[in-house]
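Student: attaching a predicted model along with its sequence, questions to come.
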Amino acid sequence: MFEFNPLLNSEYLQEIYGDDLSIVQIMFESFLEDSLSTWEEILVEIQSKNFDRVCEMAHQIKPSFSMVGLTFLHPKVQEFELYAKANPNYDELLSKYNNLSVDIEKAKLVVEEDLQRVNELI
């Protein structure tokens, strides 16, 4: 059985993917390419003060954090989404984005590292 980085919820990953590392590979790649680029695009929408779009985009990518074992980030992204939905203060929303981005950047490195290890096994 593949041992995921301790930051990832390996029990959850085992539950949804079993030992199918090819699915893990696809999900990790999708997360890194699609979800993280959407997260970066959210900053542009914040700067444009398009808060409805910020909310939609956060909602769109929220499940992807759990799908790669980053279950601890799911509620943080949800809180960000709900704040964006509630007619937010620009500076506060930007601050929340920047704070969450620190966690997401660390998580990105973990997913990249585990994807590399998965790729070596497949």
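Tutor: Received it, and whenever you're ready, just let me know what you need. The structure presented is a predicted model; accordingly, all values stated were derived computationally and were not measured.

Student: what sits up against stretch 9-19?
Tutor: Residues outside stretch 9-19 that contact it (Cβ atoms under 8 Å, 6 or more residues apart in numbering): 1-4, 23-24, 27, 66-72. Backbone N, C-alpha and C define where each C-beta goes, glycine included.

Student: please apply the same query to stretch 41-61.
Tutor: Residues outside stretch 41-61 that contact it (Cβ under 8 Å, 6+ apart): 34-35, 38-39, 77, 80-81, 84-85, 87-88, 90, 93-94, 97.

Student: quick check: the residue positioned nearest the centre of the chain vs Asn98, distance?
Tutor: Nearest to the mean C-alpha position of the chain, by Cα atoms, centre = their mean, lies Phe65 at 3.8 Å. Distance of Phe65 to Asn98, given as Cβ to Cβ, to the nearest Å: 17 Å.

Student: same question, Ser64
Tutor: Per Cβ to Cβ, Ser64 is found 20 Å from Asn98.

Student: about what we covered before: just the buried members of the contacts of stretch 9-19?
Tutor: 4, 24, 27, 66-70 (16 or more other Cβ atoms under 10 Å).

Student: now those residues as a markdown table including distance to Asp114?
Tutor: Below are these laid out as a markdown table (distance: Cβ to Cβ, whole Å):
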| residue | distance to Asp114 |
| --- | --- |
| Phe4 | 6 |
| Val24 | 8 |
| Met27 | 11 |
| Ser66 | 15 |
| Met67 | 13 |
| Val68 | 9 |
| Gly69 | 8 |
| Leu70 | 11 |
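
Student: measure how buried the residue nearest to Gly69 when sequence neighbours are not counted is and give me the count.
Tutor: Spatial nearest neighbour of Gly69, chain neighbours left out: Leu8 (3.3 Å); criterion: Cβ to Cβ, 6 or more residues apart in numbering. Look at Leu8: counted by other Cβ atoms under 10 Å, it has 20 neighbours.
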